[in-house]
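Participant: I would like the atomic coordinates for the input below:
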Amino acid sequence: MVAPLEQAFRDQWGRVLATLIGFLGDFDLAEEAAQEAFAIAARRWPVDGTPANPSAWLIATGRNRAIDRIRRDRTLAAKTRRLQAPETATTVRVQDGRTLTTDGPFVETKEALGGYLIFEADDLDAAIELAASIPAASMGGAIEVRPVVEW
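Facilitator: Purely as a prediction, here's the structure:
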């Protein structure tokens, strides 16, 4: 006997992927969304039961995940535009309890963005103090401090 999710994968992968490609117009995004939909099904179906129309469930779930990703990417792009140029950055690290700063950006192509924290500080020294209090700064990571563009 074949499990419902395995059967759905065998029977519906192509249909789910093709539908998402048609909806999104982006093969890579559609493939990631389809994979996420199947991963979510693997967690939910054993608990909630197999939906009456597995293909429709997978397509809707994949579409929703893709829309969420597109929204997150747009929000990130909008927030990134509000930051001043990377050349204005100060990089903050904490080693052995000492705060170390370096002028210029930290980001390298191999680095991953962990997110943005936006806070108000009176000056650069106060911003560095706040950045040094972020746990990642003392766990081998670095915090890039940049001013926000004022409109």
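
Participant: and the gap between Arg65 and Ala37?
Facilitator: Distance from Arg65 to Ala37, counting by C-beta to C-beta, to the nearest Å: 7 Å. Quick note: C-beta positions are derived from backbone N, CA and C, even for glycine.

Participant: correction: Gly25
Facilitator: 18 Å.

Participant: between the two, who's got more neighbours?
Facilitator: It is Ala37, of Gly25 and Ala37, that has more neighbours when counted by other C-beta atoms under 10 Å, with 24 against 9.

Participant: can you mark which positions in the helix or strand containing the more buried one are buried?
Facilitator: Ala37 belongs to helix 27-48 when elements are defined using DSSP states H and E. Buried residues in helix 27-48, counting neighbours by 16 or more other C-beta atoms under 10 Å, are found at Leu29, Ala30, Glu32, Ala33, Ala34, Glu36, Ala37, Phe38, Ile40, Ala41, Trp45.

Participant: helix or strand right after it?
Facilitator: Read in the C-terminal direction, the helix or strand following helix 27-48 is helix 54-82, with elements assigned using DSSP H and E.

Participant: how about that following helix: buried residues?
Facilitator: With burial defined by 16+ other C-beta under 10 Å, the residues of helix 54-82 counted as buried are Pro54, Trp57, Leu58, Ile59, Thr61, Gly62, Arg63, Arg65, Ala66.

Participant: and which of those residues is nearest to Leu100?
Facilitator: Checking these against Leu100 with C-beta to C-beta, the nearest one is Arg65 at 39.7 Å.

Participant: how close does the closest one get to Gly22?
Facilitator: For Arg65 relative to Gly22 (C-beta to C-beta), the value is 16 Å.

Participant: same deal with Ile143?
Facilitator: Distance from Ile143 to Gly22, counting by C-beta to C-beta: 42 Å.

Participant: what's the answer for Arg146, then?
Facilitator: 40 Å.

Participant: okay, these two: which has more neighbours?
Facilitator: More neighbours surround Arg146 than the other of Arg146 and Gly22, with 18 against 9 (other C-beta under 10 Å).

Participant: surely that one is in contact with Thr88?
Facilitator: Yes - using C-beta atoms under 8 Å as the test, Arg146 is close enough to Thr88 to be in contact (5.7 Å).

Participant: ok, Ala3 - how many residues close by?
Facilitator: Residues near Ala3, counting by other C-beta under 10 Å, number 12.

Participant: thank you, goodbye.
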